[in-house]
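> model this:
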Amino acid sequence: MDLVSILLVAVSLSMDSLAVAVASSMALDSIGVKGSAKIGASFGLFQAGMPIIGWYGGSAFMWLISGFDHWIAFSLLAFIGGKMVYEAFFEADEVSGKNPIELWNLIVISFATSIDALAVGIGFSALRVPIIAPAAVIGIVCFAISFTGAYFGNRSGKYLGGRVRAIGGIVLISIGLRILLEHMGIIG
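Predicted coordinates for the structure are as follows:
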């Protein structure tokens, strides 16, 4: 597989991470470069790691999750998104000057947005494509895209007001719903 094809795969896999990074950072008071790098690194590591896991697992184990991988992604994103919507309307105190993305939430959304990368790894295994270089490219591209999305999403959130967390939650739920509907064949 050539570099252009790997880059296209990397950009495609990064689109969900971009949307989640933007949505997650919009409601934050201030995260700056360090917080954006934390989001980008988490998404990038999961996007790089999942193809490796998929590649080593190979197509022999795909039947274990293929029937419900979309439900896993939907459930995780709906839970985090629902929590964000709830907090937007029922949490009176906003944490000012701190990054409200907890490590556990970051891990959950990173995992949820990288399930497709697992399938890509299985596909690479079936095609006998060595996985380390493509996984590194996928991780680096996802880091860069997610970092940029988080940084500029946070900046735009400052101008959109205090209830923007609800918008971010709705976006996460929408992404999860899209994943579910695509895998059920309802949308293409």
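> Could you pull up phi and psi at Gly185?
When read as degrees, to the nearest 10, the backbone of Gly185 gives phi 80, psi 10.
> That one: how many residues sit nearby?
Residues lying near Gly185 (other C-beta atoms under 10 Å) number 7. Where you see a C-beta, it was placed from the backbone N, CA and C, and this is true even at glycine.
> Need the per-residue pLDDT for it.
pLDDT recorded at Gly185 is 85.
> Next: Leu77.
Here, the pLDDT recorded for Leu77 equals 69.
> Adjust the sequence numbering to begin at 37 for everything that follows.
Will do, 37 is the new start, and the previous item becomes Leu113.
> longest helix in this protein, by residue count?
When the chain is parsed with DSSP state H, its longest helix is helix 168-196.
> what comes up buried for it?
170-175, 177-179, 181-183, 185-187, 189-190, 193 (16 or more other C-beta atoms under 10 Å).
> gap between that helix and the chain center?
How far helix 168-196 lies from its chain's middle: 10 Å, per C-alpha atoms, centre = their mean, to the nearest Å.
> which other helices and strands contact that helix?
On a contact count with 3 or more C-beta pairs under 8 Å, 6 or more residues apart in numbering; DSSP states H and E, helix 168-196 meets helix 39-62, helix 68-93, helix 151-162.
> Columns distance to Phe125 and mean pLDDT on top of those, output as CSV?
What follows is the helices and strands packed on helix 168-196, written out as CSV (distance: least, C-beta to C-beta, whole Å; pLDDT from 0 to 100):
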stretch, distance to Phe125, mean pLDDT
helix 39-62, 16, 85
helix 68-93, 24, 92
helix 151-162, 29, 82
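> Next, format the ones you listed as TSV and append mean neighbour count.
Shown next, in TSV, are those (neighbours: other C-beta atoms under 10 Å):
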stretch	mean neighbour count
helix 39-62	21
helix 68-93	21
helix 151-162	21
